[in-house]
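# please find the sequence and the predicted model below.
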Amino acid sequence: MSKVLVSDPIDQAGIDILSQVATVDVKTTLKPDELVNIIGEYDALMIRSGTRVTKEIIEAGTNLKIIGRAGVGVDNVDVPAATRQGIVVVNSPEGNTIAAAEHALAMMLSLSRHIPDANASVKRGEWDRKTFVGAEVYKKTLGIVGLGKIGSHVAAVARAMGMKLLAYDPFISTERAEQIGCQLVDMDVLAQQADYITLHIPKTPETTHLINAELLAKMKPTTRIINCARGGIIDEAALASAVKEGKIAGAALDVFESEPLAESTLREVGKDIILTPHLGASTTEAQVNVAIDVAEQIRDVLLGLPARSAVNIPGLGPDVLEELKPYMQLAETLGRLVGQLAGGRVELLNIRLQGEIATNKSQPLVVAALKGLLHQALRERVNYVNASIEAKERGIRVIETRDAAVRDYAGSLHLEATGNLGTHSVTGALLGDGEIRLTNMDGFPINVPPSQHMLFTLHRDMPGIIGKLGSLLGSFNVNIASMQVGRKIVRGDAVMALSLDDPLPDGILSEITKVPGIRDAYTVNL
Ligand SMILES: NC(=O)c1ccc[n+]([C@@H]2O[C@H](COP(=O)([O-])OP(=O)(O)OC[C@H]3O[C@@H](n4cnc5c(N)ncnc54)[C@H](O)[C@@H]3O)[C@@H](O)[C@H]2O)c1
Ligand SMILES: O=C(O)[C@H](O)COP(=O)(O)O
């Protein structure tokens with residue numbers, strides 16, 4: 001049975017799902033070196049933001065197949081190291097969206113009305129109404145940095161509260177921003193005009209210290225900043241000084257450059273800075289959502305199925321996966337087939353995507369074909385995660401063409417591999433019921449389902465060949481399950497595709513090519 005390590009607190013709903021397929025160990029107080037020492041035993045690791053999954057941990061995780069982040073941000077995982085090792089990294093892109101958006105809104109209102117300090121003062125026995133005079137958000141301008149899932153929900157609620165909305169997000173269209181009721185502006189304009197600024201962007205090299213002393217200096221003395229996205233997007237020292245010196249009115253932070261927050265000037269500023277311990281996703285509802293979402297993906301991957309929210313499989317989002325799922329197996333099968341026909345070292349793979357799969361969403365099919373192609377050399381070391389990297393490192397050039405014209409099938413895939421031993425091609429399609437059909441090999445039309453053990457011959461179309469081949473296979477005790485000949489002209493060249501019940505014994509291929517009229521023979525195990 002597989003083993004899963006859960007190293008951060010996860011809702012029981014997730015543990016129950018994992019327990020269907022694996023032994024689950026929950027150890028939420030491990031130090032980094034303890035994790036390095038035990039990770040080798042596990043097939044999967046499930047975390048939140050508390051566990052830093054470093055390269056060292058990943059390299060020690062020799063059995064790891066998947067790292068599941070029960071939340072959005074994977075900045076605590078060395079994703080490139082995981083990718084290199086073929087470990088799929090999944091997250092829950094939407095499970096805590098509402099929780100994080102509501103926390104940002106709660107922070108905005110709490111900051112405006114000094115709720116945390118007013119509450120503390122009453123609890124101390126005081127009744128001070130003068131110190132805690134606040135500000136209304138109605139008719140104020142909210143600047144939203146990052147108009148993704150969380151930013152958009154914040155926008156909808158803030159709009160209903162009567163706020164005017166500006167947004168900075170270089171990756172979304174003006175139309176999309178207008179739909180959400182936001183005016184897109186650049187960061188400087190947002191800094192100058194907003195009364196409230198809320199951050200909903202990932203932490204990247206471009207966003208690190210996006211809010212710095214220079215930008216803070218452009219803000220109004222009444223501006224308040226909320227960060228429920230990631231620590232490090234704001235320069236904390238510059239922010240603490242700006243609030244202390246009255247250059248801006250206040251800040252509410254849920255996330256910090258280093259967590260847990262150690263000694264910090266942020267703690268010393270008083271009622272105009274409020275701090276929460278990374279609580280954005282900490283609602284009962286969000287924790288159930290993310291635990292189920294990620295545990296289901298871990299379960300699926302351990303069962304050999306694809307994950308719906310893998311962050312390190314190019315282009316494979318849940319909607320795309322749904323559309324392409326039936327074709328992924330076809331692409332991988334054709335990749336395995338053409339790789340074995342080509343034998344030796346493949347240098348060039350031409351892939352033609354035809355009909356309904358000729359879209360810009362079909363990149364995962366190319367990855368699946370590469371995974372199949374490399375299977376012969378790398379076996380289980382190659383997967384959807386590292387297939388493209390492995391192909392590149394082995395010098396395999398990939399040329400993709402897409403042709404939307406529908407031919408005999410709604411969608412078909414053609415692979416041509418060129419290597420040091422020559423060029424071979426295969427075409428395949430799906431029948432209405434999703435069954436795979438091989439429809440062409442090396443330019444010869446065929447119509448056969450793939451099977452585990454196959455034999456292909458290139459021969460002259462002449463009487464007696466089929467009988468001789470059948471007798472030869474019989475003499476080696478190999479049973480033929482089905483057989484088909486494909487030819488372009490009568491008595492010209494032809495291919496024969498045979499499905500066999502057993503693998504071909506060693507040495508039989510050279511016997512087959514001795515049969516008069518048979519020029520070449522290829523054995524394939526799918
Ligand atoms: N505090 C918490 O507990 C908590 C909970 C959930 C999410 N988060 C964090 O919130 C952030 C947003 O999450 P989301 O689900 O909305 O993500 P998302 O991917 O849906 O949206 C992020 C948006 O940021 C934009 N963006 C990227 N780089 C940018 C840049 N340089 N400048 C401006 N915009 C940029 C993107 O175009 C996108 O629209 C993430 O950092 C996530 O980790 C925090
Ligand atoms: O990226 C996220 O999903 C949030 O930061 C939540 O982090 P958490 O799972 O540790 O609460």
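In hand now; what should we look at? Ligands and ions are numbered 1, 2, ... in the order given.

# so what's residue 143 closest to, chain neighbours aside?
Nearest non-adjacent residue to residue 143, counting by C-beta to C-beta, 6 or more residues apart in numbering: residue 194, 3.1 Å away. For the C-beta atoms, the positions are set from N, CA and C on the backbone; glycine is no exception.

# which residues does that neighbour contact?
Residues in contact with residue 194 (C-beta atoms under 8 Å, 6 or more residues apart in numbering) are 141-143, 166, 219, 223.

# now stretch 359-370: buried residues?
359, 362-370 (16 or more other C-beta atoms under 10 Å).

# wait, stretch 51-62
Quick answer for stretch 51-62 (16+ other C-beta under 10 Å): 51, 53-54, 57-59, 61.

# from the residues you listed, which is closest to residue 135?
Proximity of those to residue 135 (C-beta to C-beta) peaks at residue 51, which lies at 39.2 Å.

# name the next helix or strand downstream of the helix or strand hosting residue 117, please.
Using DSSP states H and E, residue 117 sits within helix 115-123. Moving toward the C-terminus from helix 115-123, the next helix or strand (DSSP H and E) is strand 141-145.

# can you list contacts of that following strand?
With C-beta under 8 Å, 6+ apart, strand 141-145 has contacts from 108, 151, 154-155, 158, 163-169, 182, 185, 187, 190-191, 193-201, 210.

# apply 6 Å and report the result again.
Contact with strand 141-145 is made by 151, 155, 158, 163-168, 190, 193-199, 201, as judged by C-beta atoms under 6 Å, 6 or more residues apart in numbering.

# of these, which are in range of ligand 2?
By C-beta under 6 Å from any ligand atom, no member of these lies near ligand 2.

# just to be sure, which of those residues are found in strands?
164-168, 196-199 (DSSP state E).

# find the closest residue to ligand 2 in the chain.
Relative to ligand 2, the nearest point of the chain is residue 71 (2.6 Å; C-beta to the nearest ligand atom).

# neighbours of that residue, how many?
Counted with other C-beta atoms under 10 Å, the neighbours of residue 71 add up to 27.

# my read is that it contacts residue 281, right?
Yes: applying C-beta atoms under 6 Å as the test, residue 71 and residue 281 come out as touching, 5.5 Å apart.

# touching both of the two, which residues are there?
residue 96.

# contact residues of the stretch 151-300 of the chain facing ligand 2?
278, 280-282.

# could you pick out which of those residues are near ligand 1?
278, 280-281.

# which one of those residues is nearest to residue 136?
residue 280 (24.2 Å).

# can you pull the contacts of the closest one?
100, 103, 228, 254.

# neighbour-wise, which one of those residues leads?
Going by other C-beta under 10 Å, residue 228 tops the contacts of residue 280 with 28 neighbours.

# low-scoring stretches of the stretch 201-350 of the chain, by residue?
314-315, 318 (pLDDT under 70).

# just to revisit the earlier point, so which of the contacts of residue 280 are in helices?
100, 103 (DSSP state H).

# so which of the contacts of residue 280 comes closest to residue 33?
Once C-beta to C-beta is applied, the member of the contacts of residue 280 that ends up nearest residue 33 is residue 254, at 29.1 Å.

# and the closest one, backbone torsions?
Reported as degrees, to the nearest 10, the phi and psi values for residue 254 are phi -110, psi -20.

# the residue lying closest to it once chain neighbours are set aside: what's it in contact with?
Counting by C-beta to C-beta, 6+ apart, residue 254 lies nearest to residue 228, which is 4.3 Å off, once chain neighbours are set aside. When contacts are counted by C-beta under 6 Å, 6+ apart, residue 228 is found next to 100, 103-104, 254, 280.

# nearest to residue 388 among those residues?
residue 100 (31.8 Å).

# touching, the closest one and residue 150? I think so.
Yes: under the criterion of C-beta under 6 Å, residue 100 makes contact with residue 150 at 4.9 Å.

# doesn't residue 264 make contact with residue 240?
No: when contacts are counted by C-beta under 6 Å, residue 240 is not listed as touching residue 264 (7.6 Å).

# just the buried ones from the contacts of strand 141-145?
151, 155, 158, 163-168, 190, 193-199, 201.

# and the top helix by length along the chain, what's buried?
Ordering each helix of the chain by length in residues (DSSP H) puts helix 318-342 first. Going by neighbour count (16+ other C-beta under 10 Å), the buried part of helix 318-342 is 320-321, 324, 327-342.

# kindly report the same for stretch 222-234.
For stretch 222-234, by 16+ other C-beta under 10 Å, it's 223-234.

# again with stretch 398-412
Quick answer for stretch 398-412 (16+ other C-beta under 10 Å): 398, 409, 411-412.

# mind picking the two most distant members of the residues you listed?
398 and 409 (22.9 Å).

# residue 147 belongs to a helix?
No: counting by DSSP: H, G, I helix; E, B strand; the rest coil, residue 147 is not part of a helix but coil.

# so it makes contact with residue 172?
Yes: in this structure, residue 147 is within contact of residue 172 by C-beta under 6 Å, at 5.3 Å.

# phi and psi next, for residue 521.
Residue torsions, per degrees, to the nearest 10, at residue 521 are phi -140, psi 140.

# count the residues that sit near the residue nearest to it when sequence neighbours are not counted.
Leaving out its chain neighbours, the residue that sits closest to residue 521 by C-beta to C-beta, 6+ apart is residue 512, at 4.3 Å. A count of nearby residues for residue 512, using other C-beta under 10 Å, gives 21.

# then the one 10 residues further on?
By the criterion of other C-beta under 10 Å, residue 522 has 20 neighbours.

# backbone dihedrals for it, please?
Per degrees, to the nearest 10, the backbone of residue 522 is at phi -130, psi 130.

# over to residue 74?
The phi/psi pair for residue 74 (degrees, to the nearest 10) is phi -110, psi 20.

# distance-wise, check it relative to residue 289.
The gap separating residue 74 from residue 289 is 17 Å, by C-beta to C-beta, to the nearest Å.

# between those two, which has more neighbouring residues?
Taking neighbours as other C-beta under 10 Å, residue 74 and residue 289 compare with residue 289 leading, 24 against 20.

# how is the protein divided into domains?
3-94+285-303, 96-275, 314-442, 451-525 (the TED database).

# start to end distance for stretch 128-148?
Stretch 128-148 has an end-to-end distance of 40 Å (C-alpha to C-alpha, to the nearest Å).

# what do you get for stretch 265-280?
End-to-end distance (C-alpha to C-alpha), stretch 265-280: 22 Å.
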